[in-house]
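Colleague: Predicted model and sequence follow; I will ask about them next.
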Amino acid sequence: KGEGHVEGEKVENPDTGLYYDEYLRQVIDVLETDKHFREKLQTADIEEIKSGKLSRELDLVSHHVRTRLDELKRQEVARLRMLIKAKMDSVQDTGIDHQALLKQFEHLNHQNPDTFEPKDLDMLIKAVSAKYE
């Protein structure tokens, strides 16, 4: 009956179908804990988000937020490595190019597996945008 959302209530978003959906949700949740970034996100239009302008705001978030994002990225890289290892184990092909396998994961910068940088946010946004264009 048209009930409004209660302040602070979590809204359940439908699954995006992306293989990195959980990572995407966690990054968004962490970014929204930073007041400055949340305000920028709420006022940004879709073109600002897609162009990478919003990603540059990552340099202004709190140290705690950056630390949590770094941790999330390391967890995602570990998850992707497990997927690659499982794929290798199932194929048993010793001539696999790990860098080529990592390149198929376009939602993060695999060359820097330890820290979440503006480039990572930009790549995540572009990967999601490409999926829905």
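Modeller: Sure, I can see it.

Colleague: Contacts only, for Val65.
Modeller: For Val65, the contacting residues are 30-31, 33-34, 37, taking CB atoms under 8 Å, 6 or more residues apart in numbering as the criterion. Every C-beta, even on glycine, is put in place using the N, C-alpha and C of the backbone.

Colleague: Equivalent analysis for Met82, please.
Modeller: If you count contacts by CB under 8 Å, 6+ apart, then Met82 has nothing around it.

Colleague: And whichever strand or helix holds it, what's buried?
Modeller: Using DSSP states H and E, Met82 sits within helix 63-91. Within helix 63-91, the residues scored as buried using 16 or more other CB atoms under 10 Å are 65-66, 68-69, 72-73, 76-77, 80, 84.

Colleague: now those in JSON lines, with distance to Ala127 and pLDDT?
Modeller: As requested, the buried residues of helix 63-91 are arranged in JSON lines below (distance: CB to CB, whole Å; pLDDT from 0 to 100):
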{"residue": "Val65", "distance to Ala127": "21", "pLDDT": "96"}
{"residue": "Arg66", "distance to Ala127": "21", "pLDDT": "95"}
{"residue": "Arg68", "distance to Ala127": "20", "pLDDT": "97"}
{"residue": "Leu69", "distance to Ala127": "16", "pLDDT": "96"}
{"residue": "Leu72", "distance to Ala127": "15", "pLDDT": "96"}
{"residue": "Lys73", "distance to Ala127": "14", "pLDDT": "94"}
{"residue": "Glu76", "distance to Ala127": "12", "pLDDT": "92"}
{"residue": "Val77", "distance to Ala127": "15", "pLDDT": "92"}
{"residue": "Leu80", "distance to Ala127": "13", "pLDDT": "89"}
{"residue": "Ile84", "distance to Ala127": "18", "pLDDT": "81"}
